[in-house]
Every structure is written in C-alpha cells, then in structure tokens.
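> give me the fold of what follows.
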Amino acid sequence: MRIRKSCWLPTALAALFACSSGMEASTATSANGVFTVLADGGPADTVESFSARPLRIQLPTHQSGIEVRFGSAFVLNVNPIQFCDATTGPLSCNEFVARTTDSSGTVTINHVFRPSRAAITWIHISVPSLGLTDSLAFTVLPGDPVKVRALRRDSTAYVGRGYAIGYRFLDQFNNVASGGPAVTFASDNDAALVSTAGVFTGRHIGRGYAVLTAGTMVDTAWITVPPVGVIAADQIGIVSVNLDGSGLRHVAPYGDPLLVQLPIWLPDGEILFSDTTSKAVNQQGVVRQLWPGDTLAYDGLADAASDGSVAFTGLRRGLSFALARIWRIPPGGGPVTQLPIQVSDPDTLTSVSMPSFSADGKRIVFLESDGQLRTADVATGAVLSSLRMEGATTPRWSPAGSHIVFSVDSYLDVVDTNFANLRRVGVAHTYHARPDWSPDGTWLIAATDGPLELINLATNQVLPLGWSTGFAYPAWKR
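Sure, this is the predicted structure:
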C-alpha cells in the first residue's frame, strides 16, 4: 500500500496489520510496503494475497476484533492522519495526531475494527493537510460456523404431503459459513414425521417439530399440519390461497387505499370486496360490480348469505354516518333495499354496522354505535338478543349457526347466539379484526401481528400458518 503524494513533500507510508495477542506473524510483501497479520485463534485473520488481488481476512471467532497498526516514516506531529473503514456498514472515519516517533522516526497508530459483514470492503487512509491519500480493498470472509439454521423454520403441509427442511451454517455475525459437521434430524410428535434426510411429512392435523443437530449446534424447525381449506385475504390486494400456502393467486388489486378491503366468499366462488362500492371478483380476476353506489355511501363492511345476497352498512349520501343502516343487495346484484332493523333508540343518532348473516340467512348479527352487539330477524327487523361489549368489532356468525365470534381489544371472544356462555379463545397476544370460521364451524382463522392462526373451537389448539405473515382479514371458503 502506498500513500500517493500530491505535494512536494517526499514521503512513504508503510502499514502493519497485527493482533494484540502477540502470536507469530504471517507476512505478505509488495514493493509498496509490508502487511503483517498475526494468527488470532485458528484460521482467523490470515492473509491470502496482497497487491494484485484484494487482501482477504477471515472474521474472528470471538469478539476481540483485529488490530490494525499503521506506520509512517515521516514526522506527523502537526499533520493528523485520517483513517476510515467500512467493515461494519457505512464508512466511518477517525482522525489521529501522532505526538511521538520511534528510533527510526516512524509513527505508529493503532486502530481496532470489528468487521461483521462478509463482503469486499475498504480501508481509507489520508493526511488531508499534506494532500496524501491511499486505500486498500480487502475481502472479509465468513468466520467459522457456530450456528446451524433450518431454512424452513416454520411452514405447513397437509396430511400425507411434506417438504424438505434444508439448513445452512452461520458464523457469529450470521454470515453464511461453509463447512460444518454432519446434520441429523429427529422428531417425537404425532403431527409429522421427519426423515433422516430432513423431509417433513404430515401425519395428523396439529403442530409438529424436528430438532436439527450438528455437533454442538442445535436448531428447531416447526410444521403445522392444517385442515384442507382455501381462504381469501387482503395482502396488497385481494388474494386466494390454500391453507398449506400453495395456489396463491392475486385476484384483485387495491382500489381506494383509504378503505379497508375485507374479502368475503360468495356461494358461487366469487370473492366479495370493496373499494367505494361493492364488487365481486372470480379466480380469473374478472371483476363485476354488484351495485353502483350512486345513492348510498358504502363503508365496505359486508357479508354474504347462503343465497348470495349481500348485507352491508351504508347511508344515503349527504347524511351523517351516525345514521348508517344495514342494506341488502339481492343475489347476483341489483337495486338495494334497507333491512328493517330496529335500533335501540331511534330518536338518537344510533348507527349500526358490521353485519353478518346466519347460515340460513334468516338472522343477522350487527354492532350498534352504543357498544351493543345485537341479533335480529332479517324479515321483520325484530331484535332477538343483545350484549353490551365496549370495544367489540367485526362479529361473524358460525356456519353451524350456534356461535358468534368477534374481536374485542385485540382478543377473540366466542359466545352462543343468545349471547350466553361468553369465553375467550386463542392465546394471549394481539388478534386483528374480522376473524372467520371454517365451513364446519370447528376452526377459527384470525390475523395476528405475525402469521395467520387457526384456533380449534373445542380444544383451543392454536396452529400458526408460518408462510402467511402480512396477510389480513382472512375469509374461509365455504
């Protein structure tokens, strides 16, 4: 390495790489100077080449770092040296002022850097006051493997199907490392088997795992074996996908980005969604408008009955949303009619929202603005039962007709249709709005801050779908 001179002062800069451990050095030379790197515990910090090819060092297997010693054969008492390195991310610089020299007149400046990225990077050295600068490119190689990691750490497969887990080794900074001992796979659960080659196969609906062992390195891979099913969800537009993560289709893009799109399946296999009006899209992405929305404002919270009719919350344009009511679109689309739902206090500005049909379409559950959940007869509008539950949102009637699930304060509650036997389901973390039921009513599906989760109504068993992080408002196809 050489300091390129851009002023009249004759000078040269020799550089020395050394570890503070004082171990025996390995040296590579060139006409421009000498670089010495001392071994620092095994294969770490060794020089493979210099000058024509980039310097290559290996990440240390401990946190001591690598000491870099730069020497200059001229007096720098008043001329600071600037040292910059890009080994840990953005280029960072430090300025040194040498106050003493050794017997040969050489000033030595030490710098310890701790590279963490396995990549080609740079060291820059300059004496700005003298207009001198030089740089050295070098390659940081991954360190020794200290971790084994499953490539598919949490995924899904149906009963009788499976996938290869895969693995890789990482160094202490999580760079992919080469080598490593042989990896074995073992499992002890009913949900899935794992072969000696690391292939999961689903056996029973449930949750399983496999332990990966490589010497002293250990990792765990998880598998969910879900019931067979198809869902629609909001994931940068409307998608449909199988519960094992296969068959993903983007069937409709975002409409109005200010409105939440909560997809619902129609009996014919189309997916109901909304932007500013109610629309349906089939699996080929063909969109049809069920209702033009020219006289009513539409809030996008809708549900479909078994006959294909759609209930939604809306109000006549120009009126306050405090007067929102439930409207019905007939099967196949067409003119809308208001359902004769009786609000608790018609003399006040009481609005209703978030309707959900019973399986036979004869009853409906909805939320009033005063914090009450209510069920009503669709034909007469007569209220059948009610439950005051502050914070409740997005109720959904079960296909079996016996339960209603709703979100409240980031939890999920299930109650009988007469609002008796209220109980909390799932685990104690954040659930997002609009859970939904499996076609047989034995499972719930809900969005979380992580992946979608299936919840067994009878056992409260929770099965995360590891592939589904970022999916919202899932709707199970019935």
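
> surely L151 meets Y163?
No. In this structure, L151 is not within contact of Y163 by CB atoms under 8 Å, at 10.1 Å. Bear in mind the C-beta positions are built from the backbone N, C-alpha and C, glycine included.

> the more surrounded of those two?
Y163 (17 against 12; other CB atoms under 10 Å).

> assign the more buried one to helix, strand or coil.
Following DSSP: H, G, I helix; E, B strand; the rest coil, the label given to Y163 is strand.

> that one: what's it in contact with?
R152, S155, A157, V199, F200 (CB atoms under 8 Å, 6 or more residues apart in numbering).

> equivalent analysis for I223, please.
Applying CB under 8 Å, 6+ apart to I223 gives the contacts D154, S155, T156, A157, A191, A192, F200, G202, R207, G208, Y209, A210.

> bridging residues for the last one?
Judged by DSSP bridges, the bridge partners of A210 are A221.

> what number of residues lie near it?
When neighbours are counted by other CB under 10 Å, A210 comes out with 24.

> look up how far A150 lies from it.
From A210 across to A150, the span is 8 Å (CB to CB, to the nearest Å).

> now for these two: what residues contact both?
Common contact partners of A210 and A150 (CB under 8 Å, 6+ apart): I165, T220, A221.

> report the buried members of the contacts of Y163.
Buried members of those, scored by 16 or more other CB atoms under 10 Å, are R152, S155, A157, F200.

> which pair in the residues you listed has the greatest spatial separation?
Greatest spacing in these, by CB to CB: R152 and A157 (10.0 Å).

> follow-up on the earlier one: out of the buried ones among the contacts of Y163, who's nearest P439?
Checking the buried ones among the contacts of Y163 against P439 by CB to CB gives A157 as the nearest, at 20.7 Å.

> could you find the closest non-adjacent residue to that closest one?
The spatial neighbour of A157 that comes closest, neighbours along the chain excluded (CB to CB, 6 or more residues apart in numbering), is G202 at 4.5 Å.

> adding secondary structure and distance to V462, write the buried ones among the contacts of Y163 out as CSV.
What follows is these, written out as CSV (DSSP: H, G, I helix; E, B strand; the rest coil; distance: CB to CB, whole Å):
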residue, secondary structure, distance to V462
R152, coil, 20
S155, strand, 16
A157, coil, 18
F200, strand, 19
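
> out of those residues, who's nearest A433?
Using CB to CB, the buried ones among the contacts of Y163 come closest to A433 at S155, 26.1 Å.

> the closest one reaches W467, doesn't it?
Yes. Assessed by CB under 8 Å, S155 is found in contact with W467 at 6.0 Å.

> where does this protein have low pLDDT?
Within the chain, the stretches with pLDDT under 70 are 1-117, 119-139, 254-260, 275-277, 292-300, 316-322, 344-350.

> buried only: go through the shared contacts of A210 and A150 for me.
For the shared contacts of A210 and A150, a burial check counting by 16+ other CB under 10 Å picks out I165, A221.
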